[in-house]
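[1] my questions concern the predicted model and sequence given below.
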2 protein chains.
Amino acid sequence: MSILIYDVTAVTMCDELGVIPQAYIAVEGNRIAYVGTQKPPGHFDHVINGGGMAAMPGLVNAHTHIAMTLLRSYADDMNLQDWLFQKIFPFEDTLTPEQVYHGSLIGIMEMLASGTTCFHDMYFFQEETARAAELLGIRGVLNEGITDAVLDVKLEKTERLIEQVKNGSGRLRVGISPHAVYTCKPETLRRCAAFAKEYGLRLHTHLSETLTENEDCQRDYGKSPTQLMEACGLFSIPLTAAHGVWLSDEDMDILKKNHAAVVHNPTSNLKLASGVAEIPKLIEKGICVALGTDGASSNNNLDMFEEMKLCGILHKGVLRNPTVLPAWEVLKMATVNGAKALGYDDLGMLKEGYLADLILVDFHSPHLMPNHNTVSNLVYAARGNDVAYTMVDGQIVYRRGKESAIYSQQQKTADDFLI
Amino acid sequence: MSILIYDVTAVTMCDELGVIPQAYIAVEGNRIAYVGTQKPPGHFDHVINGGGMAAMPGLVNAHTHIAMTLLRSYADDMNLQDWLFQKIFPFEDTLTPEQVYHGSLIGIMEMLASGTTCFHDMYFFQEETARAAELLGIRGVLNEGITDAVLDVKLEKTERLIEQVKNGSGRLRVGISPHAVYTCKPETLRRCAAFAKEYGLRLHTHLSETLTENEDCQRDYGKSPTQLMEACGLFSIPLTAAHGVWLSDEDMDILKKNHAAVVHNPTSNLKLASGVAEIPKLIEKGICVALGTDGASSNNNLDMFEEMKLCGILHKGVLRNPTVLPAWEVLKMATVNGAKALGYDDLGMLKEGYLADLILVDFHSPHLMPNHNTVSNLVYAARGNDVAYTMVDGQIVYRRGKESAIYSQQQKTADDFLI
């Protein structure tokens, strides 16, 4: 299928191309065939008038637990230990595969409807999340969360997941997720690294989310979590670490040396009272920093527009410097940096040859008027609901106003959501 | 006119009534006639099915500069001095009354469409903002911003504004706004206090927004801004102070003693790198704290749902305590506390006899599913665009899906916005 979008403001997220007003974007199959100001010749199956809209790469939610939509607003304003042990863990203990499937449907619908085209998941029953993702057409990298007690089972599950995904659309990939240093002993971390090497997988883990995690790790191993992971060989594999709230300069240098990526989750870090990660410093050191929502139980939504705005203002306030993390930098975190953090080098820009994951954001709303600066409006003024079209792999998988049928069915069947 | 809403989840914001599931809400004229679980007898002109929706008091934006929508995304990611002196002030110097009228229309539409039913404004040409507010049906308290150079002109304008509003709908009130201690000399502050006393007006000012403001005030007057205002008699008038980022304990005690209210503007304070106000401490001291967006030039939208979420998570993160400012407390700041801060004692709750300013929030979206806790979902998961109905003074002034005609006209004429 071929699609032409015309008269659109193309926010390419490519430093050389920048923002192109009144642009044409041509899509052939699952790739972007053209972005520029000249009308491309030939016939297109679909033509979309992009007037009054901004086109940009689809957002990449680089750290989430998608089926935790089931726990949205289930427990809030509580101490971390009470939250985890009285509410979240007991709920999760009863989760069934079918519930994870429906939780994944809700979460994926929410993401597609708010402009996220690719996600990095870590949770249980990832075969069910894969089924939901295939049905709804999103791109993603799926990871079974691994702790000591379930290591063997999860490695087996991961092997099966690799097979399942191999027979799918090609939009899904599989990674491996040792949960964190406080739930995985060194031997578990080493086994995960060996498994990742054997199957050619990326690693996705939690790292230095809380001060307690750091203190306990130092007490038990005489090392920071980053140092422990290094000692266990995790950095011999391409690695993406979520949170990084309590990284020392030395930790950051280890991450940099090993080309590891960090995913910033500012909403979750504030809401759970973890703290504020030193993102401008990580970026200054040349580390790839992406952006994520974390699960809906600690956010409580999956809106990457909210995450971008918070990221863009939080560090200005904390560092008392209004020039840090300008809007373009934040948009990169949520697009091309996210793609890199998930192992894609042909995703996250509107650029010829790149995968055709893109969104159209409708500026016909008072909160986006006037439009002095499209990039600023996208980061500081837009909301997830402003997304009018979401395209993944060259297919339009969401169109605003066409979703009500499925919403009212409470996500029990999702076929109508596809157009 | 009489309106009945049925089968709605009523989030009353009254501590005694709490949240009432499957409630009926009856409106007679401009007042709430009934809230409860019994169907009220009699005939109603309009009946609204509130199934799957939450009803709550309309949001009160307790500090903004509404016509600054014209400067939305006009200047971002800059140092405060460059931002003010190279961009904002030169732009404002050229503003015409007609531009302020259209900027006000955009801002008021944005507020009504995102659930704000009452606003506290401070800007130029408030007679134009009053015209726009009367046309679109919002409630508000309007204040000409006063600085030394324009004191006499502005007091005269305020007198005219009082006359204009007297002949209007009754939804608008007038206050007086000495801008701040760094733009108003003590003599100006004293004149404003005397004028406010003469006309029975409330005061609305900026207070301790930045550390520089505090330091300069200490240097010039040997007092904190709060102490200087006290010395000039400002606290003999009911006073609402925006920001309060750099209040000392002694300043807070002065505010408390004088029943002054503080308006928290977390987005603006972070984006302009002003800092983080000590809101939990102010609340603990028993000071009325409301919530505001500030102007669109430093936010860059007027979405009180965003402001609530940020308020709810920011202080947890900064104080490293996930239990501070629970969702219900934040909702109070944005409703009943806002009403009090603007001088209303019959606004901001769904309660018999209160003014009928309310909104219906549509939960038929994946990002609000499931609904374990309506209050948490409203504060942590909802967005401005989820508002389906906005009622002010017993009139439905916004209904989602009915606004496109006027949006596409770029707000040049606004009559169609009313239903």
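    Yep, it's here.
[2] per-residue pLDDT, A:D346?
    At A:D346, the model reports a pLDDT of 98.
[3] would you map the strands across the stretch 301-419 of chain A?
    Secondary structure of the stretch 301-419 of chain A by DSSP state E, counting those that start in this stretch: the strands cover A:358-362, A:387-392, A:395-399.
[4] what's the answer for the stretch 51-200 of chain A, then?
    Going by DSSP E, counting those that start in this stretch, the stretch 51-200 of chain A shows strands at A:53-57, A:59-64, A:116-123, A:139-146, A:172-174, A:177-178.
[5] residue ranges in chain A under the pLDDT threshold?
    Low-confidence segments of chain A, defined by pLDDT under 70: A:403-419.
[6] residue contacts, A:T323?
    Going by Cβ atoms under 8 Å, 6 or more residues apart in numbering or on different chains, A:T323 touches A:K316, B:D77, B:M78, B:N79. No exception for glycine: its C-beta is placed from N, CA and C like everyone else's.
[7] mind redoing it with 6 Å?
    B:D77 (Cβ atoms under 6 Å, 6 or more residues apart in numbering or on different chains).
[8] before we move on, back to that, of all the strands of the stretch 301-419 of chain A, which one is nearest B:M111?
    Nearest of these to B:M111, taken as Cβ to Cβ: strand A:358-362 at 19.2 Å.
[9] spell out which parts of the stretch 101-250 of chain A neighbour chain B.
    Applying Cβ under 6 Å from any Cβ of the partner chain, one finds that the stretch 101-250 of chain A approaches chain B through A:I106, A:M109, A:E110.
[10] between these, which is closest to A:V100?
    Nearest to A:V100 among those, counting by Cβ to Cβ, is A:I106 at 10.8 Å.
[11] any idea how far that closest one is from A:L112?
    11 Å (Cβ to Cβ, to the nearest Å).
[12] can I get the strands of the stretch 51-200 of chain A in CSV including mean neighbour count?
    CSV is the format used below for those (neighbours: other Cβ atoms under 10 Å in any protein chain shown):
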stretch, mean neighbour count
strand A:53-57, 26
strand A:59-64, 31
strand A:116-123, 28
strand A:139-146, 27
strand A:172-174, 21
strand A:177-178, 30
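[13] of all these, which one is nearest B:L71?
    Set against B:L71 and scored by Cβ to Cβ, the strands of the stretch 51-200 of chain A come closest in strand A:53-57, at 19.5 Å.
[14] return the list of helices and strands in contact with that closest one.
    Strand A:53-57 makes packing contacts with strand A:2-11, strand A:358-362 when contacts are defined by 3 or more Cβ pairs under 6 Å, 6 or more residues apart in numbering or on different chains; DSSP states H and E.
[15] skipping its backbone neighbours, what lies nearest A:V276 in space?
    Using Cβ to Cβ, 6 or more residues apart in numbering or on different chains and skipping residues adjacent in sequence, the residue nearest A:V276 is A:V318, 5.3 Å away.
[16] who's in contact with A:W83?
    A:W83 touches A:A75, counting by Cβ under 6 Å, 6+ apart.
[17] typo on my end, it should be A:I5
    A:I5 touches A:I25, A:I48, A:G50, counting by Cβ under 6 Å, 6+ apart.
[18] could you list the domains of chain A?
    Taking automatic domain parsing as the reference, chain A has its domains at A:2-58+A:348-406, A:59-341.
[19] mean neighbour count, those: which tops it?
    When you average the neighbours per residue for each of the domains of chain A (mean count of other Cβ atoms under 10 Å in any protein chain shown), domain A:59-341 leads with a mean of 22.
[20] what about it, distance to the chain center?
    In terms of Cα atoms, centre = their mean, to the nearest Å, the centre of domain A:59-341 is found 8 Å from the chain centre.
[21] ditto for stretch A:348-360
    Taking Cα atoms, centre = their mean, one finds the center of stretch A:348-360 at 16 Å from the center of the full chain.
[22] how about it as PDB, C-alpha atoms only?
    Output of stretch A:348-360 as PDB, limited to C-alpha atoms (Å, rounded to 0.1, in the frame of the first residue of the first chain):
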ATOM      1  CA  GLY A 348      12.300   7.500  14.900                       C
ATOM      2  CA  MET A 349      12.800  10.000  12.100                       C
ATOM      3  CA  LEU A 350      10.800  11.100   9.100                       C
ATOM      4  CA  LYS A 351      13.400  10.200   6.600                       C
ATOM      5  CA  GLU A 352      13.600   8.300   3.300                       C
ATOM      6  CA  GLY A 353      14.200   4.600   3.900                       C
ATOM      7  CA  TYR A 354      13.100   4.700   7.600                       C
ATOM      8  CA  LEU A 355      10.200   2.500   8.900                       C
ATOM      9  CA  ALA A 356       6.900   4.200   8.300                       C
ATOM     10  CA  ASP A 357       5.800   4.800  12.000                       C
ATOM     11  CA  LEU A 358       4.400   8.300  12.200                       C
ATOM     12  CA  ILE A 359       1.600  10.300  13.700                       C
ATOM     13  CA  LEU A 360      -0.400  13.400  12.600                       C
END
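[23] got the contact list for it?
    A:10, A:12-14, A:27, A:30-32, A:35, A:53, A:55, A:57-58, A:115, A:117, A:335-336, A:339, A:346-347, A:387-392, A:394.
[24] so which of the domains of chain A gets nearest B:A273?
    Closest of those to B:A273 is domain A:59-341, at 4.1 Å (criterion: Cβ to Cβ).
[25] how close does the spatially most central residue of chain A sit to chain B?
    Centroid check for chain A by Cα atoms, centre = their mean gives A:N61 as the closest residue, at 1.3 Å. For A:N61, the distance to chain B (Cβ to the nearest Cβ, to the nearest Å) stands at 13 Å.
[26] for that residue, list each beta-bridge partner.
    Listed by DSSP bridges, the beta-bridge partners for A:N61 are A:F119.
[27] now A:V392
    A:Q395.
[28] do I have it right that it meets A:R139?
    Yes. The criterion here is Cβ atoms under 6 Å, and A:V392 meets it with A:R139 at 5.5 Å.
[29] intersection of neighbour lists for these two?
    Common neighbours of A:V392 and A:R139, using Cβ under 6 Å, 6+ apart, are A:T117.
[30] before we move on, back to that, the residue nearest to the centre of chain A reaches A:L291, doesn't it?
    No. Using Cβ under 6 Å, A:N61 is not in contact with A:L291; the gap is 7.7 Å.
[31] which one of the domains of chain A lies closest to B:V263?
    Comparing the domains of chain A by their distance to B:V263 (Cβ to Cβ), the top pick is domain A:59-341, with 16.9 Å.
[32] what sits against the residue of the stretch 301-419 of chain A found nearest chain B?
    At 3.1 Å from chain B, A:G317 is the closest residue in the stretch 301-419 of chain A, using Cβ to the nearest Cβ. By Cβ under 6 Å, 6+ apart, the contact set of A:G317 is B:L270, B:A273.
[33] skipping adjacent residues, who's closest to A:S114 in space?
    Leaving aside its chain neighbours, A:S114 sits nearest to A:G384 (2.7 Å; criterion: Cβ to Cβ, 6+ apart).
[34] check contacts around the one you found.
    By Cβ under 6 Å, 6+ apart, the neighbours of A:G384 are A:S114, A:D303, A:F305.
[35] tell me which element A:V263 falls in.
    Assigned by DSSP states H and E, A:V263 falls within strand A:261-264.
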